[in-house]
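In: Test case, fold it:
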Amino acid sequence: MTQDLLSTSPLVPAAGSSIATVTLEQKATFVLVFFLFAFLGLLIIRCFRILLDPYRSMSSSAWTDYMEKDALDYRMA
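Out: The predicted model follows:
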C-alpha cells in the first residue's frame, strides 16, 4: 500500500524518466532574470564610479559656467 502511494506521487519520477525537465517558460524566465541581474550589476558599477569620481562624468561647461557670470550674481543665486 505504501509503495503504491509513493510510486504514483507526482514528486517521485517514474523509473526511466528524466529527473530535470525544464519547460520553455522556465528557460525564458531564467534568461530574463539573468539579464536583469547583469543590468543591475552594470548600474551598481556605474553608480560606484560616479561616487568615486563625480567630476569625471560631468561636462566641463557645467562646472565652469560660474566663471562667465558676475561673482556677486553667482553668490546671490
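In: Going by C-alpha atoms from here, please, whenever you check contacts or count neighbours.
Out: Will do.
In: Just the helices from the chain, written as ranges.
Out: 2-7, 24-52, 60-68, 71-76 (DSSP state H).
In: Could you list the low-confidence segments of this protein?
Out: Confidence mapping of the chain against pLDDT under 70 gives the ranges 1-19, 57, 60-77.
In: switch to 90 and redo it
Out: Within the chain, the ranges that satisfy pLDDT under 90 run 1-20, 22, 50, 52-77.
In: Next, count neighbours for residue 49.
Out: Counted with other Cα atoms under 10 Å, the neighbours of residue 49 add up to 13.
In: Contacts only, for it.
Out: Shown here is residue 49, which makes no contacts under the criterion Cα atoms under 8 Å, 6 or more residues apart in numbering.
In: and the gap between it and residue 30?
Out: 29 Å (Cα to Cα, to the nearest Å).
In: what do you get for residue 44?
Out: When distances are taken as Cα to Cα, residue 44 and residue 30 turn out to be 21 Å apart.
In: Ok, residue 53 next?
Out: When Cα to Cα is applied, the distance between residue 53 and residue 30 equals 35 Å.
In: and if you look at residue 40?
Out: 15 Å.
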